[in-house]
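**Q** below are the sequence and a predicted model; questions follow.
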Amino acid sequence: DGGITQSPKYLFRKEGQNVTLSCEQNLNHDAMYWYRQDPGQGLRLIYYSQIVNDFQKGDIAEGYSVSREKKESFPLTVTSAQKNPTAFYLCASGPGQHQSSYNSPLHFGNGTRLTVT
Amino acid sequence: AQSVTQLGSHVSVSEGALVLLRCNYSSSVPPYLFWYVQYPNQGLQLLLKYTTGATLVKGINGFEAEFKKSETSFHLTKPSAHMSDAAEYFCAVSEMDDYKLSFGAGTTVTVRA
């Protein structure tokens, strides 16, 4: 069964610590995305990657970092520089520009809820 | 650049009543429009999408949406609400050659018995 797996579902960290959120997909999608969700603000794009070894900043990239070493994986690191890291983080994938399907919907994982105290 | 406005952050309906969720977009080129649903602590699931062609789009779970270019709207409706429709709904837009989705702030639907 194809899909996107995010782990862990819940994550707790102390302020000042970096933390890495995992995202794996087996949909053979070129493109992967990280969104942050806060109540009343919808989803905001953090980073996205259209192809392996390449990624771009989204609207709220400050305090975050990513890597794309494998097609299937797109981990997100929330660094200590992120001023307000407590949020629900959603990973998504899609065909992307190299698979020429710009009108295809994104597929989402079930999210990771990060709490930093 | 595109953007999305969802009118009303909360909508409450009685079971069996019409569900109407409003979405307006701004885009400099013909948009691609999507509605997603999110149940608590889960990811987003696609309800329906408009790309080209017929302006009335049918989706899953009895939902449909109509693309009105003159009004820059893509409102979501369901004739008869069910308790299982209680969730948060997001409207999203993308443009040709832009592989990112921009989301509205979301509308939470509660269904009264």
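**A** Yep, that arrived. Numbering: from 1, shown residues only, chains lettered A, B, ... in the order given.

**Q** okay, CA-based contacts and neighbour counts for the rest of this
**A** Will do.

**Q** how about the residues of chain A by chain B?
**A** A:40-44, A:90, A:96-97, A:102-103, A:105, A:107-111 (Cα under 8 Å from any Cα of the partner chain).

**Q** for chain A, give me the ranges with low pLDDT.
**A** A:1-2, A:97-103 (pLDDT under 70).

**Q** show me what the host helix or strand of residue B:45 pairs with in its sheet, parallel or antiparallel.
**A** For residue B:45, the host element (DSSP states H and E) is strand B:44-50. With DSSP bridges as the test, strand B:44-50 is paired with strand B:31-38 (antiparallel).

**Q** mind checking what helix or strand follows the strand holding residue B:45 in sequence?
**A** Using DSSP H and E, the helix or strand that follows strand B:44-50 in sequence is strand B:56-58.

**Q** measure the residue nearest to residue A:45 when sequence neighbours are not counted to chain B for me?
**A** Distances taken as Cα to Cα, 6 or more residues apart in numbering or on different chains put residue A:35 closest to residue A:45, at 4.5 Å, once the chain neighbours are dropped. Between residue A:35 and chain B the distance is 10 Å, computed by Cα to the nearest Cα, to the nearest Å.

**Q** adjacent strands (with direction) for whichever strand or helix holds residue A:35?
**A** Assessed by DSSP H and E, residue A:35 sits inside strand A:31-37. Strand partners for strand A:31-37, identified by DSSP bridges, are recorded as strand A:43-51 (antiparallel), strand A:87-94 (antiparallel).

**Q** and for the longest one, what's in contact with it?
**A** Contact partners of strand A:43-51, identified using Cα atoms under 8 Å, 6 or more residues apart in numbering or on different chains, comprise A:30-37, A:55-61, A:64, A:66, A:68, A:71, A:96-98, B:102-105.

**Q** can you select the buried ones among these for me in PyMOL?
**A** Once 16 or more other Cα atoms under 10 Å in any protein chain shown is used to decide burial, the buried members of those can be selected in PyMOL as follows:
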select buried, (chain A and resi 30+31+32+33+34+35+36+37+55+58+61+64+66+68+71+96) or (chain B and resi 102+103+104+105)
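
**Q** CA atoms of the strand holding residue B:45 as PDB?
**A** Coordinates of each C-alpha in strand B:44-50 appear next as PDB, following Å, rounded to 0.1, in the frame of the first residue of the first chain:
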ATOM      1  CA  LEU B  44      -5.200  16.000   4.700                       C
ATOM      2  CA  GLN B  45      -7.300  14.000   2.300                       C
ATOM      3  CA  LEU B  46      -8.300  15.200  -1.100                       C
ATOM      4  CA  LEU B  47     -12.100  15.800  -1.500                       C
ATOM      5  CA  LEU B  48     -12.000  17.100  -5.100                       C
ATOM      6  CA  LYS B  49     -10.100  19.200  -7.600                       C
ATOM      7  CA  TYR B  50     -10.700  21.600 -10.500                       C
END
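
**Q** thanks a lot, catch you later.
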